[in-house]
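Colleague: let's see this in three dimensions:
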Amino acid sequence: MIEIDGKIVSADLLTEYFACDISRCKGMCCVEGNAGAPLEDDEVDLLEEYFDAYRPYMTQEGVDAIEQQGFMVVDCDGDYTTPLVGDAECAYSYNENGVTLCAIEKAYLRGESPFRKPVSCHLYPVRVVQFSNGSVGLNYHRWDVCRSACENGRKKGVPIYKCVKEAIIRRFGEEFYKALEAAEQFIRE
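Modeller: Coordinates of the predicted model:
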């Protein structure tokens, strides 16, 4: 663990490798798991505000889940998460050519919504943890579903934090990302 800008960062983010390989994993991170994607407080309102933009890309089951459960649910830890369809896939997901994708992101990429997707999804495999003392931690979430991403990252030489560069900058800012780059150089020397 290292501390950057008052945040506790797992050194794995700098030393382990990761590069999504959706052609192999088929987007299983949107299907597997024991809860929906974690949501920031402000994202709950964004999900509702831009629903009409991404609704056309969702499955009917996903739309039904949102109509029944709401735009978010509270998990067993008391955190906001995306609702699920049948305790499995994210309600905001859809399938295209055998690959599970995000309807929210599709609307964003088409210029139909300014909300890209929940930052927890954008940051994955990095998980943000809020400690009881108010400090923040960044951890690497290891998951067998992402084995191909680990292999691909090693092959390409892409450390985890570089794989999620855009998301880190979105959540923590450009200066924090630059500090991660400097920390990686220090660790590798």
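Colleague: please report how far Glu40 lies from Leu46.
Modeller: Noted for Glu40: a distance of 9 Å to Leu46, by CB to CB, to the nearest Å. Yep, even glycine has a C-beta here, placed from its N, CA and C like the rest.
Colleague: higher neighbour count, these two?
Modeller: Leu46 (19 against 13; other CB atoms under 10 Å).
Colleague: ok, the more buried one touching Arg116?
Modeller: No: in this structure, Leu46 is not within contact of Arg116 by CB atoms under 8 Å, at 9.7 Å.
Colleague: please enumerate the helices of this protein.
Modeller: Taking DSSP state H, the helices of the chain run over residues 12-15, 22-25, 41-49, 51-54, 60-69, 103-109, 119-123, 147-156, 160-163, 165-172, 174-188.
Colleague: any idea which of those is most buried?
Modeller: Of all the helices of the chain, helix 160-163 has the most neighbours on average by mean count of other CB atoms under 10 Å, namely a mean of 24.
Colleague: how far off centre is stretch 157-170?
Modeller: With CA atoms, centre = their mean, to the nearest Å as the basis, stretch 157-170 stands 12 Å off its chain's centre.
Colleague: quick one: end-to-end distance for it.
Modeller: Taking CA to CA, to the nearest Å, stretch 157-170 runs 23 Å from one end to the other.
Colleague: from Glu49, how far off is Pro114?
Modeller: Distance from Pro114 to Glu49, counting by CB to CB: 10 Å.
Colleague: what's the burial count for Asn95?
Modeller: Using other CB under 10 Å: Asn95 sits among 14 other residues.
Colleague: what distance do you get for it to Lys26?
Modeller: Using CB to CB, which is the criterion applied here, Asn95 is 9 Å from Lys26.
Colleague: shaky segments in the chain?
Modeller: 188-189 (pLDDT under 70).
Colleague: centre-most residue in it?
Modeller: Cys121 (1.5 Å; CA atoms, centre = their mean).
Colleague: so what's the nearest residue to that one once chain neighbours are set aside up against?
Modeller: Closest residue to Cys121 apart from its sequence neighbours, by CB to CB, 6 or more residues apart in numbering: Ala37 at 5.0 Å. Contacts for Ala37 (CB atoms under 8 Å, 6 or more residues apart in numbering) come out as 81-82, 90, 118, 120-121.
Colleague: again with Glu175
Modeller: Asp5.
Colleague: cool, Val128 as well?
Modeller: 38, 120, 136-138, 171.
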